[in-house]
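# Quick one, fold the following:
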Amino acid sequence: MDAENATCAGDAEKQQKPNPVALLLSWSEEKKGWYVASVLLAVIGVAGSIVPYFAVGQMISGVLAQTKDFSFYLGWCAVAGVGYLLYIVCHHASTTISHKATFATISKVRRRLADKLTRVPMGYVLDTPSGKIKNIMVEKVDSIETTLAHVVPEMTSNLLVPVAVIVFMFTLDWRMALVGLITLPIGFICYMGMMRDYESWYEKTVRAGEEMSSASVEYVGGIEVIKAFGQSASSYEKFSNAVTRYARSFIDWMHHCQIFQDGGLAIWPATLVTVLPVGCFFVMEGTLDPATFVMMAVLSLAIFPPLYAAMNFIDSLAQIGTVVEQITDILDVPEQRRAETSANLSGTRIELSDVRFSYGREEVVHGIDLAIEPATVTALVGPSGSGKSTLARLIAGFWDATSGTVRIGGATVNDMTADQLMDLVSFVEQDNYLFDDTVMENIRMGHPGASDEAVIEVAKQSGCYEFIMGLENGFDTVVGGSGGHLSGGERQRIAIARAMLKDAPIVILDEATAYTDPENEAVIEAAVGKLVADKTLIVIAHRLSTITDADKIVVVSNGGIEAEGTHGELLETCPLYAQMYEAHIDAKDAA
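Numbers count the residues shown, from 1 in each chain. The predicted structure follows:
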């Protein structure tokens with residue numbers, strides 16, 4: 001019975017799953033009028049492309065009837081020319097309109113995806129390979145262009161017009177119309193064979209493409225290590241295997257389809273193989289007028305080109321389900337719980353009450369209670385993997401607690417808007433990300449509306465003005481992807497300048513001097529001192545000698561709080577802290 005219920009539930013879930021084509025059209029709802037105009041123009045254009053066939057049939061009929069008036073033939077030539085010109089003009093106009101509407105839709109979908117990533121927990125972004133997200137936001141979103149810009153107007157028109165031609169053929173002679181259609185079902189059977197197991201084949205190529213994209217991103221990101229250990233693209237096994245699997249997936253798929261595709265292309269357009277002998281027989285029997293025979297032969301040739309053009313879009317229609325599903329997989333990710341209106345705050349006191357947090361099924365933070373007073377310095381220390389960084393990110397709102405509450409100024413972070421919470425907290429990580437833009441714009445990220453003068457002033461306060469002016473183009477120097485043109489210490493100082501420009505009342509530092517040489521450490525520490533003046537400071541500390549003067553030190557171990565107090569108190573009451581501090585001093589002395 002349980003299995004039966006489970007099966008029913010699974011069937012219900014499948015039935016409730018949105019139709020991918022309907023979902024895609026809903027994304028383009030704002031441009032619906034444009035697509036309607038595009039389809040109408042496409043229908044007129046394809047109808048125009050049929051006109052020359054009809055004109056040729058009339059001229060051949062005129063020859064058979066021994067019509068000697070040359071103007072008769074010139075007139076039909078003109079009709080053929082007008083029909084073809086109509087096709088050219090309408091096809092161009094239809095394609096232009098559909099592409100404008102489609103690229104507006106693609107832009108909208110990409111903006112929705114980018115906006116979505118700012119509202120989902122950081123865990124989702126970190127756990128999903130960047131190559132996969134990039135592949136969906138770039139390649140997969142791009143692939144809907146074919147469906148919207150071509151399938152909607154062109155496939156529609158290329159199906160409607162042949163249907164109209166076939167109806168006209170039946171009005172001329174129903175026997176010849178049936179004879180002219182004999183090859184069509186055989187061609188369709190071939191195409192059905194080609195489409196057999198299409199979804200599984202396509203999903204295989206998609207997975208292979210995602211693996212290759214992720215491996216490529218990893219390869220480029222780790223190129224320094226690869227070069228240092230004498231590796232290459234061919235010898236780096238993970239990348240090499242991913243590329244091979246991607247190529248193999250397409251080769252195997254084409255091998256599966258080839259015989260069916262060749263059969264369809266050989267049989268489908270061969271209408272004259274049946275029309276000519278049968279038509280000649282009917283003419284000899286006197287049951288078919290020669291002029292009608294010629295017209296039916298010509299029109300039977302006119303059916304295939306638009307139908308073949310329509311069939312070329314079957315691939316796009318078959319793939320769109322997988323593409324839309326991948327896009328909606330991101331759009332449907334549960335968002336962090338944030339309010340629509342700002343909460344009323346009373347100060348910036350931070351309170352954590354019975355906070356628990358899980359990565360998937362594994363709980364990594366266990367029932368933490370912690371209070372951090374405004375304008376104080378609190379250090380989070382503990383062994384690697386103890387949960388101190390996770391705790392800091394819960395305070396910053398990068399993740400939502402699985403249970404318990406995180407409050408700032410008396411309001412839970414879930415009762416605040418996303419912008420309100422971001423305005424409250426600055427987070428300076430150990431390895432800060434810089435965008436492939438100028439130094440000026442990377443600092444201005446802290447306060448997008450800041451003037452150039454304000455950016456320059458904060459650079460001076462943070463101690464990075466001198467090194468910036470020493471760069472090739474000063475503040476207009478492009479820092480490269482992830483800030484790759486700068487040293488780790490320089491990236492850290494720009495990140496501090498960015499946080500100073502934001503001027504948030506709560507600052508979280510993840511070892512701000514981690515990449516700094518001794519010569520510049522004093523400069524950065526002075527900059528940090530200015531950054532956190534009169535603010536609430538939370539430090540994720542790795543070098544314990546830097547936090548001995550903190551107002552409170554919180555020792556985190558195995559996802560819980562081992563102890564809290566001042567440096568002196570913890571040396572006496574917390575064996576773990578005393579052991580960590582002694583190990584740090586010994587390592588420092590040895591260095």
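# Map the structural domains onto the sequence of this structure.
10-182+271-331, 350-590 (automatic domain parsing).
# Quick check: Gly568 vs Ile106, distance?
61 Å (Cβ to Cβ, to the nearest Å). Yep, even glycine has a C-beta here, placed from its N, CA and C like the rest.
# which one of those two has more residues nearby?
Higher neighbour count among Gly568 and Ile106: Ile106, with 19 against 10, using other Cβ atoms under 10 Å.
# Which helix or strand contains that one?
Using DSSP states H and E, Ile106 sits within helix 70-117.
# what helices or strands is that helix leaning on?
helix 20-27, helix 32-64, helix 141-146, helix 314-331 (3 or more Cβ pairs under 8 Å, 6 or more residues apart in numbering; DSSP states H and E).
# immediately after it, which helix or strand?
Following helix 70-117 in sequence, per DSSP H and E, is helix 122-127.
# in that following helix, what counts as buried?
123-124 (16 or more other Cβ atoms under 10 Å).
# Go ahead and measure how far the next helix-or-strand element following that helix is from the middle of the chain.
Downstream of helix 122-127, the first helix or strand assigned by DSSP H and E is helix 130-135. How far helix 130-135 lies from its chain's middle: 7 Å, per Cα atoms, centre = their mean, to the nearest Å.
# Tell me if I'm right that Trp201 and Trp253 touch.
Yes: counting by Cβ atoms under 8 Å, Trp201 touches Trp253, with 4.7 Å between them.
# How about the contacts made by the closest residue to Ala270 other than its chain neighbours?
The shortest distance from Ala270 to any non-neighbouring residue, by Cβ to Cβ, 6 or more residues apart in numbering, is to Thr183 (5.4 Å). For Thr183, the contacting residues are 267-271, 273-274, by Cβ atoms under 8 Å, 6 or more residues apart in numbering.
# same deal with Lys502?
By Cβ under 8 Å, 6+ apart, the neighbours of Lys502 are 426, 446-447.
# Using the three-state scheme, assign the closest residue to it other than its chain neighbours.
Leaving aside its sequence neighbours, Lys502 sits nearest to Gly446 (Cβ to Cβ, 6+ apart; 3.8 Å). Here Gly446 is recorded as coil under DSSP: H, G, I helix; E, B strand; the rest coil.
# what's the answer for the one 10 residues further on, then?
Taking three-state DSSP as the rule, one finds Ile456 in the helix state.
# ok, how many other residues are close to it?
Neighbour number of Ile456 under other Cβ under 10 Å is 18.
# That one contacts Gly474, correct?
No: taking contacts as Cβ under 8 Å, Ile456 lies outside contact range of Gly474: 9.7 Å.
# for stretch 47-66, the distance to its chain's centre please.
51 Å.
# The strand or helix carrying Tyr308: how far from the chain's middle?
Element membership for Tyr308, per DSSP H and E: helix 290-311. Relative to its parent chain, helix 290-311 has a centroid offset of 43 Å by Cα atoms, centre = their mean.
# Return the set of buried residues in it.
Buried-residue list, helix 290-311, by 16+ other Cβ under 10 Å: 291-311.
# Give me the subset of the contacts of Thr183 that lies in helices.
267, 273-274 (DSSP state H).
# Scan those residues and report the most crowded one.
Of the ones in helices among the contacts of Thr183, with other Cβ under 10 Å as the count, Ile267 tops at 19 neighbours.
# ok so, going back, hmm, Ile494 and the residue nearest to Lys502 touching each other?
No: the pair Gly446 / Ile494 is not scored as a contact, 10.1 Å apart, by Cβ under 8 Å.
# Between those two, which is the more surrounded one?
Set Gly446 next to Ile494 and count neighbours by other Cβ under 10 Å: Ile494 wins out with 24 against 21.
# residues in contact with that one?
Taking Cβ under 8 Å, 6+ apart as the test, what Ile494 contacts is 432, 434, 439, 442-443, 464, 479, 483, 486.
# Return the per-residue confidence for it.
pLDDT, Ile494: 84.
# Can you tell me the element it falls in?
Ile494 belongs to helix 488-502, assigned by DSSP H and E.
# Give me the buried positions along that helix.
Neighbour-count burial for helix 488-502 flags 489-502 (criterion: 16+ other Cβ under 10 Å).
# which of the residues you listed lies closest to His92?
Arg498 (48.7 Å; Cβ to Cβ).
# There's contact between the closest one and Met445 in this structure, I believe.
Yes: between Arg498 and Met445 a contact is recorded at 5.6 Å, counting by Cβ under 8 Å.
# circling back to that earlier point, which one of the helices and strands packed on helix 70-117 lies nearest to Gly123?
helix 314-331 (14.2 Å).
# Can you point out the buried residues in the closest one?
Per 16+ other Cβ under 10 Å, helix 314-331 contains these buried residues: 316, 319-327, 330.
# For the residue nearest the centre of the chain, which residues are in contact?
Centroid-nearest residue in the chain, with Cα atoms, centre = their mean: Met137, separated by 1.9 Å. Going by Cβ under 8 Å, 6+ apart, Met137 touches 110, 113-114.
# Where does pLDDT dip in the stretch 351-500 of the chain?
360, 431, 481-484 (pLDDT under 70).
# make it 80
For the stretch 351-500 of the chain, applying pLDDT under 80 flags the ranges 359-361, 429-433, 462-463, 480-490.
# Please apply the same query to the stretch 51-200 of the chain.
122-132, 134-135, 146-147, 150-152, 154-161, 184, 187-188, 190-200.
# Using CSV, write out every CA atom in the helix or strand encompassing Ala583.
For Ala583, the element it lies in under DSSP H and E is helix 575-590. The C-alpha trace of helix 575-590 is given here as CSV (Å, rounded to 0.1, in the frame of the first residue of the first chain):
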residue,chain,number,x,y,z
PRO,A,575,42.8,24.5,28.8
LEU,A,576,42.0,24.5,25.0
TYR,A,577,42.7,28.2,24.7
ALA,A,578,45.8,28.0,26.8
GLN,A,579,47.0,25.1,24.7
MET,A,580,46.3,27.0,21.4
TYR,A,581,47.9,30.2,22.7
GLU,A,582,51.1,28.3,23.8
ALA,A,583,51.3,26.5,20.4
HIS,A,584,50.9,29.9,18.6
ILE,A,585,53.7,31.6,20.7
ASP,A,586,56.0,28.6,20.2
ALA,A,587,55.4,28.7,16.4
LYS,A,588,56.0,32.5,16.4
ASP,A,589,59.2,32.2,18.4
ALA,A,590,60.4,29.4,16.1
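# Buried residues in it, which are they?
Buried residues in helix 575-590 (16+ other Cβ under 10 Å): 576-577, 580-581, 584.
# elements contacting it?
Using 3+ Cβ pairs under 8 Å, 6+ apart, helix 575-590 is in contact with strand 552-557, strand 560-565, helix 567-573.
# Ile189: how many residues sit nearby?
Neighbours around Ile189, by other Cβ under 10 Å: 14.
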